[in-house]
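Chemist: With the input below, show me the fold.
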Amino acid sequence: MSEALANTPSPLRVAMFVNSTARGGVEEHILTLLRGLDPEQFRLYLVCSPELEKSLAGDVPPHVSVHPLAWSRAGDLGAALRFSRFLRRERMDVVHCHLFYSSFFAAPIAALSGVPFIVETTHVREQWRQGLKASYLPDRLWSVFVQRYIAVSEANARYLREEKKVAAEKVRVILNGTDLRRYSRFNARPLELARQLGFAADDPVILAPARLEPQKGHRFLLRAFAELRRKGSRARLVCAGEGSLRPELLALSAELGIDDDVRWIGFQSDLRPWLALATFTVLPSLYEGLPLAAVESLASGRTMVASAVDGTPEIVRHLETGVTVPPGDITALADGMALLLQHPELREQWEDNGVRWVRQHFSQERQVACTAELYREGVGGRSRQAAIERQLERRAS
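Modeler: The predicted structure is shown next:
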């Protein structure tokens, strides 16, 4: 073997682990990393539920090795053993867990399997917690297995440090990003798409790009939209996403008398045609991390009305790149949408500001480079520490 080849470092082996079953912002975040990390420097694996594997089919890069694993119960020893054998067989350097629920399963098994560096990206402030879980005691106990926590926004970092009480030195802020090359200002609306939906060519269209789950606040959105319509607005609403609340939200839409003005288009792997159709977008979430939907909307020149929660105001800056309102405030949400409908000159100004803002701060390249640096730093640091410990052991003997 030549000296040059001998000195060439082997690619770091990195396994992304997530045990969710539905595709959303977290899963798009994972795809961003899998697409962006250099395959010459990182050998990449994705361990996920069979349902998610099917949902991501065709979007995972061919150089990524996908391993379906059904693991939804903490007591599933069979799944834990299969995961451990996989990590040992592949001599994994890094396990990167996404969301605490995934970390709860994977982090201790990865540690016991000898993985040098374990990372958790929390993604969101977990407002759903109750009882013992709301105390974050399990998180603090489990943090012994995790070397670094990635915060996707400054607000997410504060949540980890101040509420979860994660040691500050373990938290690294790496802002969510997306492939901004895919998004640009739209010059014309896709009128054929409007016609297919039964909309007139000049109907204002409000796009809600969010899963149909309690976190995303559709209950408040539908009531705010009904208020807009009662005041004479001609706006139409398009909801892009799937989720457990779909039957309930369809019933609420009928109850409010707005059925004819709302369209439910399900999950869309490519939102660009819908963003081109939209006059602006809306995200009435009750909690977030740093929503990629907001980054994509602003990158496309579509300003947004959004709840002022967690990392969202770091993208949707009030009266600069869009409008933020208190979460769950139906009147404020309706007023924010009315403002954008009635003042196209403000809309245009904030669209320009928004394009500049996301291009400065939320690129895929920045996110991927910072994550790659963290992996190398973490594995290198653990390797150096292990070498020091071995040297001390030899001296002691």
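Chemist: List the buried residues in stretch 21-30.
Modeler: By neighbour count on 16 or more other Cβ atoms under 10 Å, the buried set for stretch 21-30 is 22, 23, 24, 25, 26, 27, 28, 29, 30. Placement of C-beta: from N, CA and C, glycine included.
Chemist: Arrange the residues you listed in CSV, one row each, with secondary structure, pLDDT and distance to residue 94 as further columns.
Modeler: Formatted as CSV, these follow (DSSP: H, G, I helix; E, B strand; the rest coil; pLDDT from 0 to 100; distance: Cβ to Cβ, whole Å):
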residue, secondary structure, pLDDT, distance to residue 94
22, coil, 84, 25
23, coil, 85, 23
24, coil, 82, 23
25, helix, 83, 22
26, helix, 89, 18
27, helix, 92, 19
28, helix, 89, 20
29, helix, 92, 16
30, helix, 95, 14
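Chemist: Tell me which two in those residues are the farthest apart.
Modeler: Farthest apart among the buried residues of stretch 21-30 by Cβ to Cβ are 22 and 29. That separation is 14.1 Å.
Chemist: ok, the buried residues of stretch 21-30 vs residue 275, which is closest?
Modeler: For the buried residues of stretch 21-30, the nearest to residue 275 is residue 28 (14.7 Å; Cβ to Cβ).
Chemist: Leaving out chain neighbours, which residue sits closest to that closest one?
Modeler: Among residues not flanking residue 28 along the chain, residue 292 sits closest, at 5.6 Å (Cβ to Cβ, 6 or more residues apart in numbering).
Chemist: Identify the residues contacting the one you found.
Modeler: 25, 28, 29, 176, 178 (Cβ atoms under 8 Å, 6 or more residues apart in numbering).
Chemist: Now for the nearest residue to residue 231 once chain neighbours are set aside: which residues touch it?
Modeler: In this structure, residue 231 finds its nearest non-sequential neighbour in residue 338, 7.3 Å apart by Cβ to Cβ, 6+ apart. Contacts here follow Cβ under 8 Å, 6+ apart; on that basis residue 338 touches 228, 231, 233.
Chemist: can you confirm residue 338 is in a strand?
Modeler: No - counting by DSSP: H, G, I helix; E, B strand; the rest coil, residue 338 falls outside a strand, being helix.
Chemist: pLDDT score for it?
Modeler: Here the pLDDT value assigned to residue 338 is 98.
Chemist: gap between the closest residue to residue 177 other than its chain neighbours and residue 351?
Modeler: Distances taken as Cβ to Cβ, 6+ apart put residue 367 closest to residue 177, at 3.5 Å, once the chain neighbours are dropped. Distance, residue 367 to residue 351, by Cβ to Cβ, to the nearest Å: 23 Å.
Chemist: Ok, residue 297 next?
Modeler: Counting by Cβ to Cβ, the gap from residue 297 to residue 351 is 10 Å.
Chemist: and if you look at residue 335?
Modeler: Going from residue 335 to residue 351 by Cβ to Cβ gives 20 Å.
Chemist: So for those two, which sits in the more crowded spot?
Modeler: The residue with more neighbours, out of residue 335 and residue 351, is residue 351; 21 against 16, by other Cβ atoms under 10 Å.
Chemist: All the helices of the stretch 101-250 of the chain, in order from the start?
Modeler: 137-142, 154-158, 191-197, 218-230, 246-256 (DSSP state H, counting those that start in this stretch).
Chemist: List just the one of these that sits closest to residue 287.
Modeler: Nearest of the helices of the stretch 101-250 of the chain (Cβ to Cβ): helix 154-158, 10.1 Å.
Chemist: What residues sit buried inside the closest one?
Modeler: For helix 154-158, using 16+ other Cβ under 10 Å, the buried residues are 155, 156, 157, 158.
Chemist: and the third one, how far is that from residue 307?
Modeler: Distance, residue 157 to residue 307, by Cβ to Cβ: 19 Å.
Chemist: Could you do residue 161 as well?
Modeler: With distances taken as Cβ to Cβ, residue 161 is found 23 Å from residue 307.
Chemist: more neighbours, the two?
Modeler: For the pair residue 161 and residue 307, the greater number of neighbours falls to residue 307 (29 against 16), based on other Cβ under 10 Å.
Chemist: one step back: and the contacts of residue 292, which is closest to residue 196?
Modeler: residue 28 (25.3 Å).
Chemist: Where do the strands of the stretch 101-250 of the chain begin and end?
Modeler: Taking DSSP state E, counting those that start in this stretch, the strands of the stretch 101-250 of the chain run over residues 117-121, 148-151, 171-173, 205-209, 236-240.
Chemist: Just say which of these is most tucked in.
Modeler: strand 117-121 (a mean of 27; mean count of other Cβ atoms under 10 Å).
Chemist: what does stretch 309-319 contact?
Modeler: 124-125, 152-156, 159, 175-176, 283, 285-291, 294-295, 298, 304, 306, 308, 321-324, 327, 350, 353, 357-358, 362.
Chemist: Drop anything exposed from those.
Modeler: When these are checked for burial by 16+ other Cβ under 10 Å, the buried set is 124-125, 152-153, 155-156, 159, 175-176, 283, 285-291, 294-295, 298, 304, 306, 308, 321-324, 327, 350, 353, 357-358, 362.
Chemist: Show me the shaky parts of the chain.
Modeler: Along the chain, the parts satisfying pLDDT under 70 run over 1-9, 127-134, 381-397.
Chemist: Could I get the contacting residues of residue 197?
Modeler: 236, 238, 263.
Chemist: Distance to residue 118 for the contacts of residue 292 - can I get that in TSV?
Modeler: Output for the contacts of residue 292, formatted as TSV (distance: Cβ to Cβ, whole Å):
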residue	distance to residue 118
25	22
28	23
29	18
176	21
178	26
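Chemist: which one of the residues you listed is nearest residue 103?
Modeler: Of these, the one sitting nearest to residue 103 (Cβ to Cβ) turns out to be residue 29, at 14.8 Å.
Chemist: correct me, but that closest one touches residue 99?
Modeler: No - in this structure, residue 29 is not within contact of residue 99 by Cβ atoms under 8 Å, at 10.4 Å.
Chemist: Which neighbours do the two have in common?
Modeler: With Cβ under 8 Å, 6+ apart as the test, residue 29 and residue 99 both reach 121, 123.
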